[in-house]
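Visitor: Predicted model and sequence follow; I will ask about them next.
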Amino acid sequence: MKKPENHILVIFGASGDLTKRKLIPALFCLYKQNLLPEKFAVLGASRTPLSDEDFRAKTDEFLPNEGTEEFKKMLFYEPVSPTEPDDFGKLKSRLEILGSERNMDPNYIFYLSTPPSVYEIIAKNLADQRLSKSEEYFRRLIIEKPFGTDLGSARKLNRDLLHYFEENQVYRIDHYLGKESVQNMLVTRFANGIFEPLWNRNFVERVEVTSAESLGVEERGGYYEHSGALRDMLQNHLLQLVGFVAMEPPVVIEADAIRNEIVKVFQSLRPISEEEVEKFVIRGQYIASTIKGEKVKGYREEPGVDPHSRTETFVAMKFYIDNWRWGGVPFYIRTGKKLPARVTEIVIHFKQVPHHLFNHAGMPGPVDNQLVIRIQPDEGILLKFRMKTPGAGFQAQTVNMDFHYSDLADIRLPSAYERLLLDSMQGDATLYSRGDAVEEAWRFVQPILSAWENNPHIPVYGYPAGTWGPEGSDKLIEDGQWRYPCKNLSDDGTYCEL
Ligand SMILES: NC(=O)C1=CN([C@@H]2O[C@H](COP(=O)(O)OP(=O)(O)OC[C@H]3O[C@@H](n4cnc5c(N)ncnc54)[C@H](OP(=O)(O)O)[C@@H]3O)[C@@H](O)[C@H]2O)C=CC1
Ligand SMILES: O=C1O[C@H](COP(=O)(O)O)[C@@H](O)[C@H](O)[C@H]1O
């Protein structure tokens with residue numbers, strides 16, 4: 001693979017969690033694979049006063065004990081407050097010094113790993129120093145989610161950023177798109193002749209997307225209280241997965257071609273009105289329970305969480321995509337914390353046969369064929385179909401054809417951040433969200449946010465930690481049930497209303 005052009009990566013918010021836990025380890029993996037540019041430097045920039053050495057030492061926790069010395073020589077630090085214009089003058093001088101010491105072109109990527117409240121001011125201060133645009137060199141801006149907290153703020157954020165940078169310079173990270181198995185969906189669908197003819201309303205009964213986490217909110221209660229599962233996971237990661245499942249074949253595998261198709265899917269999402277929210281959307285919050293004899297905290301007992309909180313830690317919904325391919329096919333999506341397993345998967349349920357030849361006395365009823373795309377863990381694809389049970393008569397049973405990525409010898413799955421960072425260095429925005437798609441996704445979820453805000457009577461159902469969420473989520477699916485990759489873990493699998 002061709003190495004990216006020489007550049008300096010500036011990370012704002014470099015003293016924070018994401019930098020040490022994800023970004024620096026991802027850069028180290030790229031370094032080990034010899035995928036970083038010939039000449040490259042990382043300049044950490046945040047308010048905490050740190051020296052280069054302090055910054056390097058801070059990265060130790062998530063790097064291997066040995067073999068990192070050469071890599072760490074590429075890490076530098078400059079104290080910068082996003083709101084201090086003078087600091088950006090110093091940042092510019094530091095970039096020039098680093099560039100001339102290393103004989104590098106002034107290509108820059110600015111990674112905003114700060115709270116979103118300072119995205120605009122950082123962009124402005126960069127622009128004021130003439131660091132945002134250049135005729136000759138590349139200037140890119142990577143931003144972390146959340147891209148706004150509702151439709152209005154998302155539109156404002158886009159407008160604000162596009163005041164200083166062009167859309168093709170802005171890389172909005174949705175780390176789900178960096179997952180190998182998500183990208184494989186494109187290959188599975190469009191590099192095989194067997195799936196695409198069936199991938200439509202004529203053969204598909206319903207589509208299910210689950211992203212379950214076994215962890216709770218851990219130390220992020222303060223952030224999560226103002227976010228909840230709808231904003232944190234559904235508006236972005238889950239809808240992006242829907243985009244990949246439902247999109248039309250792009251003309252070419254290029255950023256704009258793929259992103260155009262994803263936007264079209266989002267534009268075709270049938271709007272759910274505020275009045276319909278109760279019918280189509282179920283929210284829940286985990287409550288204390290006992291899992292395998294051990295007491296587990298409820299969400300309201302977590303640090304940073306209001307003891308009367310009504311923030312949802314679980315959301316499930318049903319919706320339709322009103323277009324030629326998917327007209328009338330229900331889509332069901334759900335996500336939640338403190339569920340029985342960490343699993344993200346997409347299930348395509350195919351329609352049953354029109355006449356049940358083998359459905360006579362003593363035989364189990366017809367079962368739909370399912371294609372399960374396992375995003376994580378144990379990435380792979382599973383096809384469930386019926387086979388004759390060996391022996392007399394015509395007994396049928398469901399069997400699995402099961403591919404696991406781990407069966408591919410010598411294949412290491414790169415982390416999402418590794419892939420996405422490398423893509424941004426190559427100038428490839430295919431796996432980054434485009435502004436219009438982000439706004440369309442907010443447009444779709446906005447009535448849900450408004451309904452919850454305006455109608456406190458809409459229930460937040462409690463579900464015991466370690467179970468699959470509120471009972472109502474099962475009732476969303478009229479003819480069938482969610483695929484449960486494992487059973488409830490809670491000893492107390494009862495439901496209640498908060
Ligand atoms: N951590 C994660 O796993 C994920 C994080 N994200 C997103 O990434 C971004 C960074 O997250 P994370 O690293 O966890 O956050 P942290 O709070 O750990 O770090 C953010 C850094 O930004 C700086 N900062 C904090 N508040 C301000 C402020 N008001 N003005 C200027 N700088 C500030 C701080 O550095 P200093 O005080 O030194 O300036 C801090 O170290 C956020 O947008 C988050 O939503 C997205 C997905 C996952
Ligand atoms: O963006 C987020 O994603 C994580 C889940 O990511 P995964 O790669 O572990 O599936 C989630 O825990 C977090 O709340 C959310 O902000």
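Guide: Ah, there it is. Ligands and ions are numbered 1, 2, ... in the order given.

Visitor: Every contact and neighbour count from this point should use C-alpha atoms.
Guide: Fine.

Visitor: Could you chop this protein up by domain?
Guide: Here the domain parsing of the chain from automatic domain parsing is 7-144, 177-246+266-415+436-495.

Visitor: can you pull out the strands in the stretch 351-498 of the chain?
Guide: All strands of the stretch 351-498 of the chain, identified by DSSP state E, counting those that start in this stretch, fall at 370-376, 380-388, 396-404, 461-464, 496-497.

Visitor: So, low pLDDT: which residues of the stretch 351-498 of the chain?
Guide: Along the stretch 351-498 of the chain, the model assigns pLDDT under 70 to residues 359-366, 491-498.

Visitor: Point me to the residue of it nearest ligand 1.
Guide: Using Cα to the nearest ligand atom, the closest approach of the stretch 351-498 of the chain to ligand 1 is made by residue 417 at 10.4 Å.

Visitor: okay, now the nearest residue to residue 396 once chain neighbours are set aside: neighbour count?
Guide: Nearest residue to residue 396 in three dimensions, chain neighbours excluded: residue 388, at 4.4 Å (Cα to Cα, 6 or more residues apart in numbering). Residues lying near residue 388 (other Cα atoms under 10 Å) number 14.

Visitor: From residue 350, how far off is residue 388?
Guide: Applying Cα to Cα, to the nearest Å, one obtains 19 Å for the distance of residue 388 from residue 350.

Visitor: Likewise for residue 56?
Guide: Distance of residue 56 to residue 350, computed by Cα to Cα: 52 Å.

Visitor: same question, residue 49
Guide: Separation of residue 49 from residue 350 (Cα to Cα) stands at 58 Å.

Visitor: Against which helices or strands is the top helix by length along the chain packed?
Guide: Counting residues, the longest helix in the chain under DSSP state H turns out to be helix 435-454. Applying 3 or more Cα pairs under 8 Å, 6 or more residues apart in numbering; DSSP states H and E, one finds that helix 435-454 contacts helix 151-164, helix 255-267, helix 277-280.

Visitor: between the domains of the chain, which gets nearest to ligand 1?
Guide: Judging those by Cα to the nearest ligand atom, what sits closest to ligand 1 is domain 7-144, at 3.1 Å.

Visitor: still on that earlier bit, rank the domains of the chain by mean pLDDT and give me the bottom one.
Guide: Here those differ in mean pLDDT, and the lowest is domain 177-246+266-415+436-495 at a mean of 91.

Visitor: Turn the domains of the chain into JSON lines, columns for distance to residue 161.
Guide: Converted to JSON lines, the domains of the chain look like this (distance: least, Cα to Cα, whole Å):
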{"stretch": "domain 7-144", "distance to residue 161": "6"}
{"stretch": "domain 177-246+266-415+436-495", "distance to residue 161": "13"}
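
Visitor: among these, which is nearest residue 421?
Guide: Ranking these by proximity to residue 421 (Cα to Cα) places domain 7-144 first, at 7.8 Å.

Visitor: Spell out which residues of the stretch 51-200 of the chain are next to ligand 1.
Guide: Taking Cα under 6 Å from any ligand atom as the measure of proximity, the stretch 51-200 of the chain contacts ligand 1 at 82, 113, 114, 115, 116, 118, 144, 145, 146.

Visitor: Just the ones in helices from those, please.
Guide: Counting by DSSP H, no part of these is found in helices.

Visitor: Show me which of those are buried.
Guide: 82, 113, 114, 116, 118, 144, 145, 146 (16 or more other Cα atoms under 10 Å).

Visitor: Spatially nearest residue to the fourth one (excluding sequence neighbours)?
Guide: Spelled out, it's residue 116. On the basis of Cα to Cα, 6+ apart, the spatially nearest residue to residue 116 that is not a chain neighbour turns out to be residue 146, at 7.1 Å.

Visitor: Give me the phi and psi for the one you found.
Guide: Note on residue 146: its backbone torsions stand at phi -80, psi 140 [degrees, to the nearest 10].

Visitor: State the distance from it to residue 160.
Guide: For residue 146 relative to residue 160 (Cα to Cα), the value is 15 Å.

Visitor: for residue 285, same thing?
Guide: 34 Å.

Visitor: just to revisit the earlier point, for residue 426, which of the domains of the chain is the nearest?
Guide: domain 7-144 (9.8 Å).

Visitor: Is it correct that the residue nearest to residue 396 is in contact with residue 395?
Guide: Yes. Here residue 388 reaches residue 395: they are 5.7 Å apart, a contact under Cα atoms under 8 Å.

Visitor: Isn't residue 426 up against residue 5?
Guide: Yes. Using Cα under 8 Å, residue 426 and residue 5 qualify as a contacting pair, with a distance of 7.4 Å.

Visitor: Residue 38: what's it in contact with?
Guide: Residue 38 sits next to 3, 5, 6 when contact means Cα atoms under 8 Å, 6 or more residues apart in numbering.

Visitor: thinking again about what came up before, mind checking which of residue 426 and residue 5 has more residues around it?
Guide: Between residue 426 and residue 5, counted using other Cα under 10 Å, the more crowded position is residue 5 (18 against 14).

Visitor: which secondary structure element contains the spatially closest residue to the residue of the stretch 351-498 of the chain closest to ligand 1 that is not a sequence neighbour?
Guide: Residue nearest to residue 417 in three dimensions, not counting chain neighbours: residue 26, with 5.9 Å by Cα to Cα, 6+ apart. In the assignment (DSSP states H and E), residue 26 maps to helix 24-32.

Visitor: residues in contact with that helix?
Guide: So helix 24-32 is contacted by 36, 59, 62, 63, 68, 71, 415, 417, 418, 421, 422 (Cα under 8 Å, 6+ apart).

Visitor: near ligand 1 at all, it?
Guide: No. No part of helix 24-32 sits near ligand 1 under the criterion Cα under 6 Å from any ligand atom; the closest distance found is 11.6 Å.

Visitor: May I have that helix as PDB, with CA atoms only?
Guide: The C-alpha coordinates for helix 24-32 follow below in PDB (Å, rounded to 0.1, in the frame of the first residue of the first chain):
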ATOM      1  CA  ILE A  24      -2.100   6.800  20.100                       C
ATOM      2  CA  PRO A  25      -2.400   3.000  20.100                       C
ATOM      3  CA  ALA A  26      -3.900   3.100  16.600                       C
ATOM      4  CA  LEU A  27      -1.000   5.300  15.400                       C
ATOM      5  CA  PHE A  28       1.400   2.800  17.000                       C
ATOM      6  CA  CYS A  29      -0.200  -0.100  15.100                       C
ATOM      7  CA  LEU A  30       0.100   1.900  11.800                       C
ATOM      8  CA  TYR A  31       3.800   2.600  12.700                       C
ATOM      9  CA  LYS A  32       4.500  -1.100  13.300                       C
END
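
Visitor: Can you list the buried residues in it?
Guide: Neighbour-count burial for helix 24-32 flags 24, 25, 26, 27, 28, 29, 30 (criterion: 16+ other Cα under 10 Å).

Visitor: And for stretch 376-394?
Guide: Residues 376, 379, 380, 381, 382, 383, 384, 385 are the ones in stretch 376-394 that count as buried (16+ other Cα under 10 Å).

Visitor: How about stretch 120-133?
Guide: Residues of stretch 120-133 classed as buried: 120, 121, 122, 123, 124, 125, 126, 127, 131, 132, 133 (neighbour count, 16+ other Cα under 10 Å).

Visitor: And stretch 160-180, by the same measure?
Guide: For stretch 160-180, by 16+ other Cα under 10 Å, it's 160-162, 164-165, 167-180.

Visitor: repeat for stretch 242-252
Guide: Neighbour counts over stretch 242-252 (16+ other Cα under 10 Å) mark 242, 243, 244, 245, 246, 247, 248, 250 as buried.
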